[in-house]
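Engineer: Can you look at this prediction? I've put the sequence above it.
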Amino acid sequence: MSDFMLGLQIFTQSPINWLIFFGGLIGGLVFGAIPGLNAIILATILLPFTAYLQPEQAIMLLAVIYCSGVYGGAVTAILFNIPGSPENAPTAFDGYPMTLKGEAGKAIGAAVTCSAIGGTVSVLIMMVATAPIAGWAIRAFGPPEIFALIVFALTVSSAVGAKDLWRGWLSVGFGLLIATIGTDAAGGLRRFDFGNAYLGAGIHFVPLILGFFAVSEVLVQSRHIATGEYKAPKASLDFPSLREFWSVRITMLRSVIIGFFAGLLPGIGATLAAFLSYSEAVRWSKHPEKFGRGTLEGVVAPETANNAATGGAMIPLLALGLPGGALTAVMVGAFQIHGMEPGPMVLVTSKELVWVVFVAMLFANIAIFLLGWLETKTTVHLLRIPFAVLGPAILLVSVIGTYALRTLVIDVWVMFIAGIVGYFMRRSGYSMAGVVLGLILGKIGESAWVKTMQMVDYSVIGLFQRPITAFLLVLAALSVVLSVRSELNRRGRSG
Amino acid sequence: MTNSEVNATTNGPARRLGELVLWLAIAAGMWGYSYWFDVKLSTFALGPVAWPRAVLLFIVAAAIISFLMDRTSAPEAPEPAASDSTPQVTTTSSNLQLAAAMGLPLVYTALLPGAGFYATTPFFFFAYMWVLGMRRLGLMLAVTVGFYVLILLVFAKLLYLSLPTGVWPGFYDFSNWLLVRLGSM
């Protein structure tokens, strides 16, 4: 408690700290919401300027950007099917269908509240348990466990949004296949590049996500307009009721745990946290068939988890000096600019710095709730704009976001081609959520698989000698059996 | 995917066979291409082809299962006739409208390297509104100008984003003139 008070005192005593705090908060929200831009880009842009700040101000700025940036992309994911950042992609799976059903206010309200709760709880855990948790997680979760976790996540959520289980599998397979384009995880060899340097470097997932979600959605709505089927979504301002929040309390709790532990593991972070949490919400739900069609749980799970990951990701950084993701790696850069190295000694030698960062992250999550509440009451009105205006605006923002990523026009081509492919796949009952799931988890999964095979000397039996890996793989197999049985039963009933 | 999209799926035998053939063709093509990088790695005994080939086998299996399951399941009920409130008219004009909605972004992208973002964007925005059925010219002009100014202020002036300036004579000069005026160069 005295440490917290020390951090609070240092944080509040300087108006510059407040200025940096609010600058980081708004910057993260804005950059998180614009597709193609994200909190990492903002942090990278600002990194050289942190040299002019005090060390605690520099790390605090980046930590606040991290918290607000993760939430920022949820609003565009819900309102326009444009995930601002990859960690908001699963939010669109159910958030956008909720908007189409006239429940945009509820979806944004849930995203705001859950982001704030997830972030706050993870910061509180971070405050009390940084050192012991970091040590355990790093020891217990190696590549085999991460590989098994990904297999499990794919088996559980593959059918989300698809017409049937098999098309769900094909959607995931398609995403996994796209993820194999580019250099391989083991030897850096170019695969499926067809002699093209762009393909040799691998297709960036941002143009693909924007294509599969935003562009395909504009095309679907264009078809609805052309055939006279179009119905404008209602701009509702309803916040979820306390009763609705109470009904998703278990999902929220589970997502905090998943998000926090996913944040702890180097290389995993908020994106996988959101996908895993969504998968688990589907698995535990009494009505898994509602996922992908606009259920509150589908928004609550990823948004709680991706913000909970932020607190988790700070633990290995501060306790062990291991950055878990790109933004925490930028923070290592900020430490080094000030002649410091993050690690166990930071907790002893720079206690003030650590506690100022903790306090700022706590305040950032509380501020997300307040700002988010205002956002709910204002941004939903964007839905009142006719789609004839909204459609080209969505396409243009997506073009700018995609081009700004690497200043390559070919990325814009990829985005529009992905949009057209996505449109036809949706027409045939395939799931864009499945494709994106395969795409994102495919790269992490293959990398973990390569390391796993090397670790177990290419013996599958070796996988089952690790208890957590064996447990997750058995759960994955069970999940496949249960999904097939449930699909066959469904067909039997409809036949 | 929304229910309406699922319902919109036409599931005739020819379409089902077409889907199977497409997936098998993709898998066969990619499998064939994988021999180009089927080399032994000293660092990884299974080589760079193992993972993609496993994915391809999974796709083939899922496509065949999907085809067989669709064949054995009862034929789906025909889509209900469109009611007056939701007229569903698939005519040549609606197909043309959809083709324009797909084609216009491709034309815009093709023009970006030569004509640049700044010169083409207002025309794209205006044309896309037209494609989506808006016909009030005054409003369309006002919205186009308003959105264009907003984009310039946010992305060019505030965030200094590098957007294509074009290389064709006249277009490049226009982009530069605009960026200098905005103080972004």
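Structural biologist: Received the coordinates, thanks.

Engineer: And the helices in the stretch 301-450 of chain A, which stretches?
Structural biologist: A:326-337, A:346-349, A:351-379, A:387-406, A:409-427, A:432-455 (DSSP state H, counting those that start in this stretch).

Engineer: and residue B:133, which of the ones you listed is closest to it?
Structural biologist: Judged by C-beta to C-beta, the one of these that comes nearest to residue B:133 is helix A:387-406, at 5.7 Å. Backbone N, C-alpha and C define where each C-beta goes, glycine included.

Engineer: Extract the residue ranges of chain B that are flagged as low pLDDT.
Structural biologist: Residue ranges of chain B with pLDDT under 70: B:1-11, B:73-90, B:185.

Engineer: Return the residues in contact with the residue sitting furthest away from the middle of it.
Structural biologist: In chain B, counting by C-alpha atoms, centre = their mean, residue B:42 sits farthest out from the average C-alpha position, at 40.1 Å. By C-beta atoms under 8 Å, 6 or more residues apart in numbering or on different chains, residue B:42 lies in contact with nothing.

Engineer: mind listing the strands in chain A by residue range?
Structural biologist: A:182-183, A:190-191 (DSSP state E).

Engineer: outside of the first one, which residues touch it?
Structural biologist: Think strand A:182-183. A:189-193, A:199-203.

Engineer: Contacting chain B as well, which ones from those residues?
Structural biologist: Among those, proximity to chain B is found for A:189-192 (C-beta under 8 Å from any C-beta of the partner chain).

Engineer: hang on, the earlier thing: redo the helices of the stretch 301-450 of chain A as a markdown table? Include mean pLDDT and mean neighbour count.
Structural biologist: Shown next, in a markdown table, are the helices of the stretch 301-450 of chain A (pLDDT from 0 to 100; neighbours: other C-beta atoms under 10 Å in any protein chain shown):
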| stretch | mean pLDDT | mean neighbour count |
| --- | --- | --- |
| helix A:326-337 | 79 | 20 |
| helix A:346-349 | 75 | 14 |
| helix A:351-379 | 82 | 21 |
| helix A:387-406 | 87 | 23 |
| helix A:409-427 | 94 | 22 |
| helix A:432-455 | 86 | 24 |
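
Engineer: just to revisit the earlier point, need the worst-confidence member of the ones next to chain B among the contacts of strand A:182-183.
Structural biologist: On pLDDT alone, residue A:189 ranks lowest of those, at 89.

Engineer: nearest residue to residue B:16 other than its sequence neighbours?
Structural biologist: Distances taken as C-beta to C-beta, 6 or more residues apart in numbering or on different chains put residue B:70 closest to residue B:16, at 4.9 Å, once the chain neighbours are dropped.

Engineer: In which helix or strand does that neighbour reside?
Structural biologist: In this structure, residue B:70 sits in helix B:50-72 according to DSSP states H and E.

Engineer: what's that helix packed up against?
Structural biologist: When contacts are defined as 3 or more C-beta pairs under 8 Å, 6 or more residues apart in numbering or on different chains; DSSP states H and E, helix B:50-72 packs onto helix A:165-179, helix A:432-455, helix B:13-34.

Engineer: at 7 Å instead, please
Structural biologist: When contacts are defined as 3 or more C-beta pairs under 7 Å, 6 or more residues apart in numbering or on different chains; DSSP states H and E, helix B:50-72 sits against helix A:165-179, helix B:13-34.

Engineer: How far away from the center of its chain is whichever helix or strand comes after that helix?
Structural biologist: Proceeding N to C from helix B:50-72, the next assigned helix or strand is helix B:92-115, under DSSP H and E. Centre-to-centre, helix B:92-115 and its host chain are 11 Å apart (C-alpha atoms, centre = their mean, to the nearest Å).

Engineer: List the buried residues of helix B:92-115.
Structural biologist: B:94, B:97-98, B:100-102, B:104-105, B:108-109, B:111-113, B:115 (16 or more other C-beta atoms under 10 Å in any protein chain shown).

Engineer: Show me which of those residues is closest to residue A:213.
Structural biologist: Nearest member of the buried residues of helix B:92-115 to residue A:213, counting by C-beta to C-beta, is residue B:105, at 15.0 Å.

Engineer: Leaving out sequence neighbours, find the closest residue to that closest one.
Structural biologist: For residue B:105, the spatially nearest residue (C-beta to C-beta, 6+ apart) is residue A:416, at 4.8 Å.

Engineer: Same check on residue A:479?
Structural biologist: Excluding its sequence neighbours, the residue lying closest to residue A:479 (C-beta to C-beta, 6+ apart) is residue A:155, at 4.4 Å.

Engineer: Let me know the pLDDT of that neighbour.
Structural biologist: What the model reports as pLDDT for residue A:155 is 84.

Engineer: That one: how many residues sit nearby?
Structural biologist: 23 (other C-beta atoms under 10 Å in any protein chain shown).

Engineer: and the residue nearest in space to the middle of chain B, what is it in contact with?
Structural biologist: The centroid of chain B falls nearest to residue B:102 when counting by C-alpha atoms, centre = their mean (7.2 Å). Each residue near residue B:102 by C-beta atoms under 7 Å, 6 or more residues apart in numbering or on different chains is listed here: A:219, A:420.

Engineer: how close does it sit to residue A:293?
Structural biologist: Distance check for residue B:102 against residue A:293: by C-beta to C-beta, to the nearest Å, it reads 26 Å.

Engineer: Same question for residue A:124.
Structural biologist: 34 Å.

Engineer: Equivalent analysis for residue A:76, please.
Structural biologist: 20 Å.

Engineer: These two: who's more crowded?
Structural biologist: The neighbour comparison of residue A:76 against residue A:293 (other C-beta under 10 Å) goes to residue A:76, with 28 against 20.

Engineer: Does that one touch residue A:89 like I think?
Structural biologist: No - Residue A:76 is not in contact with residue A:89 according to C-beta atoms under 7 Å; the separation is 11.3 Å.

Engineer: Need the residues that contact stretch A:269-278.
Structural biologist: A:70, A:86-87, A:90, A:93, A:149, A:153, A:157, A:255, A:258-259, A:262-263, A:298, A:301-302, A:304-306, A:308-310, A:313, A:324-325, A:437, A:440-441, A:444.

Engineer: Now with 6 Å, please.
Structural biologist: A:70, A:86-87, A:90, A:153, A:255, A:258-259, A:262, A:301-302, A:305-306, A:309, A:313, A:324-325 (C-beta atoms under 6 Å, 6 or more residues apart in numbering or on different chains).

Engineer: Same question for stretch A:404-411.
Structural biologist: A:36, A:198, A:206-207, A:402, B:112-113, B:161-162.
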